[in-house]
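**Student:** sequence plus the predicted model coming up.
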2 protein chains.
Amino acid sequence: MPRKRASPLKSAPSVPTTSGREVDYGPLNTRLGYGLRRAQIAIFADFFVTFAAVDIRPVQYSILTIIEQNPGLFQTQVADSLGIKKTNFVAMIVALEKRGLVKRVPLEHDKRSYGLYLTDQGAALMPELHGLASAHEARIIERIGAETHAALFAPMKAIAAL
Amino acid sequence: MPRKRASPLKSAPSVPTTSGREVDYGPLNTRLGYGLRRAQIAIFADFFVTFAAVDIRPVQYSILTIIEQNPGLFQTQVADSLGIKKTNFVAMIVALEKRGLVKRVPLEHDKRSYGLYLTDQGAALMPELHGLASAHEARIIERIGAETHAALFAPMKAIAAL
DNA sequence: TGATTTGGTTATGCTACATAACTTTATTGG
DNA sequence: CCAATAAAGTTATGTAGCATAACCAAATCA
């Protein structure tokens, strides 16, 4: 089945081209923020390619995964857990709902809020997504080695709590 | 009809608030792209705070640093070295020029291009910027330790070349 | 010299992420 | 009990980042 052609101008972040001339990066070589940014851009580019066929973006994968692991969470809780403002989360969750991957179930005891759940279709999609993510992850591990890969999570988490 | 205006000034990316409820991140815990993104957001938030007084963004600091280290580079070369599209680079360099930090010197032997240089004002500002960046970096090192910090650059670079 | 390439620019559009203000429903304190 | 306040969700809006297409002028190539 031909997946929907991704909307008009949806393109992957490009990985920078190596310029012709030698450039001295000076202090940038020891700025972790700079290195992290460049690494993250490359990872996202690979993620886009990997997930192109299913038309899922990193943030969508993260939302779906949180809902899968924590069915029934409120919008605000999912948004908070991912560091997304609730105002910006609305459009994201509506889009996933329209695609039939997520459903918002009104709560009886609190008429303001919804519980978020994967639809059957959404739940059925997750194994494929996790498979793609694993393949993507494997490509990174191939680059830096399994041990280095494993060693990165602790410092990243510590930095995230900065 | 027209809501009341919004136009706030440039604001720093916010660091996510820890939600009240425990959330299971599932496979996200072993997705480096996710960890990297969260870490990078936190670092940028700290950078914003650190550089608020001088009103310099991460990308601006990187541009200024490249020009400082490599005076005379073309716009395209600076843009390429930082992974910025030349079309998007125009506005950035114009802004820095308007602020009097950078000058574009027309070349005699190639009337299409400019050589980029720091102005005296720009050059005078750099020590302060590097000082702020060092303080910012020190905060990260304090979090993860100097050895870990130093060990991160190699894998980040390898990933960036993915 | 005509064709192609290169440096720089403008126009345009989408996504991410920020704040302000609003509605509806819950909660709370006097 | 009820008025004040808080919380969940929504809409409106503004900016930065990054993408493509189309273009000019100057250099280079065949």
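**Tutor:** Arrived safely, thanks for sending.

**Student:** quick one: buried residues of stretch A:68-76?
**Tutor:** In terms of neighbour count (16 or more other CB atoms under 10 Å in any protein chain shown), stretch A:68-76 has its buried residues at A:68-70, A:73-76. Backbone N, C-alpha and C define where each C-beta goes, glycine included.

**Student:** and which of those residues is nearest A:T119?
**Tutor:** Taking CB to CB as the measure, A:T119 sits nearest to A:E68 out of those, at 11.3 Å.

**Student:** report the central residue of chain A.
**Tutor:** For chain A, the residue nearest the mean C-alpha position is A:P58 (2.3 Å; CA atoms, centre = their mean).

**Student:** contacts only, for the nearest residue to that residue once chain neighbours are set aside.
**Tutor:** Nearest residue to A:P58, sequence neighbours excluded (CB to CB, 6 or more residues apart in numbering or on different chains): A:F47, at 5.4 Å. Counting by CB atoms under 8 Å, 6 or more residues apart in numbering or on different chains, A:F47 makes contact with A:58, A:61, A:136, B:33.

**Student:** ok so, going back, distance to A:L125, secondary structure and pLDDT added to the buried residues of stretch A:68-76, as a markdown table?
**Tutor:** Output for these, formatted as a markdown table (distance: CB to CB, whole Å; DSSP: H, G, I helix; E, B strand; the rest coil; pLDDT from 0 to 100):
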| residue | distance to A:L125 | secondary structure | pLDDT |
| --- | --- | --- | --- |
| A:E68 | 10 | helix | 97 |
| A:Q69 | 15 | helix | 96 |
| A:N70 | 17 | coil | 96 |
| A:L73 | 19 | coil | 95 |
| A:F74 | 22 | coil | 94 |
| A:Q75 | 20 | helix | 94 |
| A:T76 | 24 | helix | 94 |
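
**Student:** out of those residues, who's near DNA strand D?
**Tutor:** Residues of the buried residues of stretch A:68-76 in contact with DNA strand D (CB under 7 Å from any atom of the strand): A:74-76.

**Student:** just put those residues in JSON lines and tack on distance to DNA strand C.
**Tutor:** Formatted as JSON lines, these follow (distance: CB to the nearest atom of the strand, whole Å):
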{"residue": "A:F74", "distance to DNA strand C": "12"}
{"residue": "A:Q75", "distance to DNA strand C": "13"}
{"residue": "A:T76", "distance to DNA strand C": "12"}
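
**Student:** and these, which is closest to chain B?
**Tutor:** A:T76 (7.8 Å; CB to the nearest CB).

**Student:** so that closest one makes contact with A:K86?
**Tutor:** Yes. Using CB atoms under 8 Å, A:T76 is in contact with A:K86, at 5.2 Å.

**Student:** give me the longest helix you can find in chain A.
**Tutor:** Using DSSP state H, we find that the single longest helix of chain A is helix A:120-144.

**Student:** and that helix, what does it pack onto?
**Tutor:** Applying 3 or more CB pairs under 8 Å, 6 or more residues apart in numbering or on different chains; DSSP states H and E, we find helix A:120-144 packed against helix A:32-50, helix A:58-69, helix B:32-51, helix B:146-160.

**Student:** now it: average pLDDT?
**Tutor:** The average of the pLDDT scores along helix A:120-144 is 96.

**Student:** that older thread, tell me which of the helices and strands packed on helix A:120-144 sits nearest to B:G100.
**Tutor:** Smallest distance to B:G100 across those (CB to CB): 17.5 Å, for helix B:32-51.

**Student:** hmm, that closest one touching DNA strand C?
**Tutor:** Yes. Against DNA strand C, helix B:32-51 shows contacts by CB under 7 Å from any atom of the strand at B:I41.

**Student:** what comes up buried for that helix?
**Tutor:** For helix B:32-51, burial by neighbour count (16+ other CB under 10 Å) applies to B:32-48, B:50-51.

**Student:** pull that helix out as PDB, backbone CA atoms only.
**Tutor:** The C-alpha atoms that make up helix B:32-51 are tabulated as PDB, following Å, rounded to 0.1, in the frame of the first residue of the first chain:
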ATOM      1  CA  LEU B  32      20.600   8.100  21.600                       C
ATOM      2  CA  GLY B  33      18.900  10.600  19.400                       C
ATOM      3  CA  TYR B  34      16.300  11.300  22.100                       C
ATOM      4  CA  GLY B  35      18.900  11.600  24.800                       C
ATOM      5  CA  LEU B  36      21.000  13.800  22.700                       C
ATOM      6  CA  ARG B  37      18.100  16.100  21.900                       C
ATOM      7  CA  ARG B  38      17.200  16.500  25.500                       C
ATOM      8  CA  ALA B  39      20.800  17.200  26.500                       C
ATOM      9  CA  GLN B  40      21.200  19.700  23.700                       C
ATOM     10  CA  ILE B  41      18.000  21.600  24.700                       C
ATOM     11  CA  ALA B  42      19.300  21.900  28.200                       C
ATOM     12  CA  ILE B  43      22.700  23.100  27.100                       C
ATOM     13  CA  PHE B  44      21.200  25.600  24.800                       C
ATOM     14  CA  ALA B  45      19.000  26.900  27.600                       C
ATOM     15  CA  ASP B  46      22.000  27.400  29.800                       C
ATOM     16  CA  PHE B  47      23.800  29.000  26.900                       C
ATOM     17  CA  PHE B  48      20.900  31.500  26.400                       C
ATOM     18  CA  VAL B  49      21.000  32.500  30.000                       C
ATOM     19  CA  THR B  50      24.800  32.800  30.000                       C
ATOM     20  CA  PHE B  51      24.800  34.900  26.900                       C
END
